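1. everything below, folded, please.
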Amino acid sequence: MKTPIKTLLSLTVGLTVSNIALANTYPITVTDVAGRHVTFDHQPQNIALSTSRIFPLLEIIYQKEAAKHLVAARDDMRVSAPSMYASYIKQYPSLKNVPTIGLIKSGEFDVERFINLKPKPDLFILDLSNIKLAEDKGLLKKLNDAGIKVLTVDFREKPLKNTVKSVQVIADAVNRSKQGDAFAKYYTSHLNAIKDTLAQHPNAPTPRVFIERAAGYSDSCCRTFANGNMGAYIPMLKAENIAIAPLDGSETGQMSPETVITSQPNVYIMQTTGWITNDGQATNGIPLGYSPNHAAIKKATTSLMNRPWLQALTAYQQKNVYSIYMPFYNSPYNLVAIEYFAKWLHPSLFSKLQPEKTFEEMNLKFGNRHLSGQFGQNNFKAMSQ
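-> Next comes the predicted model:
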């Protein structure tokens, strides 16, 4: 007996509606990047961040409603990324009034005060570097007992592995899977385009690269990354990180200028950000970022480039010294830094790549916001402008 087409359509529609309803029904269980299975019995609304520099995560998920869902955060965006803070405050003035929380690693996190916040958080997004410590201190149990769920994200330790999953897990937990999937599709397609180009040119030269961590933050040199953080980009981009052997298994560490000179990288990248004083002077690095002060950037760049040992490097002599905006190291927008690195490491393969346009597009597409700024540069061009 044939089933009438109208009945089939009705069954199909009913099945679709049923699936949608199931997807939106709590309780749900998600698995975060730390491998923790967390069950939510209701849709979280009030969110706290262990670092305010990942506020773009909320913007990707909630767009213009992002600030309405943030009820507490550590004050590190204002302190460590001032141009980013100024940009977000302009769009979301209420961020100035968000209650601040302390750093777990330093013992400044007051769990009792956190539990008693009004409105009370029902989701605490914690970075991967703090999750074990929070568990060992008994914080996770106290928060869970108080009805506050904790999910782990990671944009800094293993960014290539965990960025997309971090966004999707949070999106799923708060019933915004559509936004998480859209981000995943965009991020993955851009990353695959880079990988495909490299795969099509297996005989391309393998550049030797050094990343100077927090360039200009102190007078000493040279802190760097091996396999973690921005160092994770290097093998994916078919380049050689000269810090791998000297750091001997450590994710981060320090190399002496003499060791850097001996290793002779032909590409040198300064991960940096800086502060602008009231009289327009740059301190603690190159003040890349939103609403850039080009005179201050030029002066700070020149100061770092004038270090005598740097001028002994092949990278300097070949004018392959660059700077990248430091806050990308812990951001769902780290794709932009990866594109800058690809362009600098393989200029002939990625001459048409425009990471600054990618950043503008991602902010507009996912955050519904317009931005401008300077987030990467060739240091020689910056000094000549």
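
2. give me the neighbour count for residue 281.
-> 15 (other CB atoms under 10 Å). For every residue, glycine as well, the C-beta is placed using N, CA and C.

3. dump the residue contacts of it.
-> Neighbouring residues of residue 281 by CB atoms under 8 Å, 6 or more residues apart in numbering: 296, 299.

4. so residue 56 sits right up against residue 367, yeah?
-> Yes - taking contacts as CB atoms under 8 Å, residue 56 lies within contact range of residue 367: 6.6 Å.

5. and stretch 236-252, how far apart are its ends?
-> 18 Å (CA to CA, to the nearest Å).

6. okay, stretch 32-41 in PDB with CA atoms only?
-> What follows is stretch 32-41, C-alpha atoms only, in PDB (Å, rounded to 0.1, in the frame of the first residue of the first chain):
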ATOM      1  CA  ASP A  32      35.000  20.400  26.500                       C
ATOM      2  CA  VAL A  33      38.600  20.600  25.300                       C
ATOM      3  CA  ALA A  34      39.900  19.200  28.600                       C
ATOM      4  CA  GLY A  35      37.800  16.100  28.000                       C
ATOM      5  CA  ARG A  36      35.400  16.900  30.800                       C
ATOM      6  CA  HIS A  37      31.700  15.900  30.400                       C
ATOM      7  CA  VAL A  38      29.500  18.600  31.700                       C
ATOM      8  CA  THR A  39      25.700  18.400  31.900                       C
ATOM      9  CA  PHE A  40      23.400  21.400  31.800                       C
ATOM     10  CA  ASP A  41      19.900  21.200  33.100                       C
END
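
7. off-centre distance for it?
-> Remark: stretch 32-41 is offset 21 Å from the chain centroid, using CA atoms, centre = their mean, to the nearest Å.

8. same question for that stretch, mean pLDDT?
-> The pLDDT scores in stretch 32-41 average 97.

9. for it, which outside residues touch it?
-> Residues contacting stretch 32-41 (CB under 8 Å, 6+ apart): 26-31, 128, 131, 149-154, 162, 165-166, 169, 173.

10. at 6 Å what do you get?
-> Residues outside stretch 32-41 that contact it (CB atoms under 6 Å, 6 or more residues apart in numbering): 26-31, 131, 149, 151-152, 154, 162, 165-166, 169, 173.

11. now, the residues you listed that are in helices?
-> 131, 162, 165, 166, 169, 173 (DSSP state H).

12. which ChimeraX command selects the buried ones in those?
-> One line in ChimeraX is enough to select the buried members of the ones in helices among the contacts of stretch 32-41, burial here meaning 16 or more other CB atoms under 10 Å:
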select :131,162,165,166,169,173
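
13. now flag whichever of the ones in helices among the contacts of stretch 32-41 is closest to residue 50.
-> Among the ones in helices among the contacts of stretch 32-41, residue 131 lies closest to residue 50 (CB to CB), at 9.4 Å.

14. and the closest one, what does it touch?
-> For residue 131, the contact set (CB under 6 Å, 6+ apart) comprises 34, 152.

15. could you measure from it over to residue 193?
-> 32 Å (CB to CB, to the nearest Å).

16. what residues sit buried inside stretch 257-276?
-> 257, 260, 263, 265-276.

17. out of those residues, the closest to residue 352 would be?
-> Closest approach between the buried residues of stretch 257-276 and residue 352, by CB to CB: residue 267, at 19.2 Å.

18. surely the closest one touches residue 207?
-> Yes - the pair residue 267 and residue 207 qualifies as a contact (CB atoms under 6 Å) at a distance of 4.9 Å.

19. and the strands in the stretch 1-150 of the chain, which stretches?
-> Counting by DSSP state E, counting those that start in this stretch, the stretch 1-150 of the chain has these strands, from start to end: 28-31, 37-40, 47-49, 70-73, 123-127, 149-153.

20. and residue 119, backbone torsions?
-> With angles defined as degrees, to the nearest 10, residue 119 sits at phi -70, psi 150.

21. and if you look at residue 277?
-> Taking degrees, to the nearest 10 as the convention, residue 277 sits at phi -70, psi 170.

22. which strand residues bridge the nearest residue in space to it that is not next to it in sequence?
-> In space, and not counting its chain neighbours, residue 277 is closest to residue 283: 6.1 Å by CB to CB, 6 or more residues apart in numbering. Beta-bridge pairing for residue 283 (DSSP bridges): residue 275.

23. residues contacting the residue nearest to residue 163 when sequence neighbours are not counted?
-> Nearest residue to residue 163, sequence neighbours excluded (CB to CB, 6+ apart): residue 155, at 5.5 Å. With contacts taken as CB under 6 Å, 6+ apart, residue 155 has the following neighbours: 163, 330, 331, 332, 334.

24. does residue 324 sit in a helix or strand, and which one?
-> Using DSSP states H and E, residue 324 falls within strand 321-325.

25. and that strand, what does it pack onto?
-> The helices and strands touching strand 321-325, judged by 3 or more CB pairs under 6 Å, 6 or more residues apart in numbering; DSSP states H and E, are strand 267-272, helix 334-345, strand 376-378.

26. start to end distance for stretch 285-296?
-> 10 Å.

27. and that stretch, which residues are buried?
-> Using 16+ other CB under 10 Å as the test for burial, stretch 285-296 gives 285, 286, 287, 288, 289, 290, 292, 293, 296.

28. leaving out the residues flanking it, which one is nearest to the residue most central in space within the chain?
-> Taking CA atoms, centre = their mean as the criterion, residue 331 is the residue nearest the geometric centre of the chain, at 1.4 Å. Distances taken as CB to CB, 6+ apart place residue 155 nearest to residue 331, at 5.6 Å, with adjacent residues excluded.

29. residue 242 now?
-> Nearest non-adjacent residue to residue 242 (CB to CB, 6+ apart): residue 263, at 4.0 Å.

30. residue 241 is in contact with the one you found, correct?
-> No - here residue 263 does not reach residue 241: they are 10.0 Å apart, not a contact under CB under 6 Å.

31. ok, back up a step: in CSV: the strands of the stretch 1-150 of the chain, plus distance to residue 303 and mean neighbour count.
-> Formatted as CSV, those follow (distance: least, CB to CB, whole Å; neighbours: other CB atoms under 10 Å):
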stretch, distance to residue 303, mean neighbour count
strand 28-31, 47, 14
strand 37-40, 47, 14
strand 47-49, 34, 25
strand 70-73, 33, 22
strand 123-127, 32, 24
strand 149-153, 35, 24
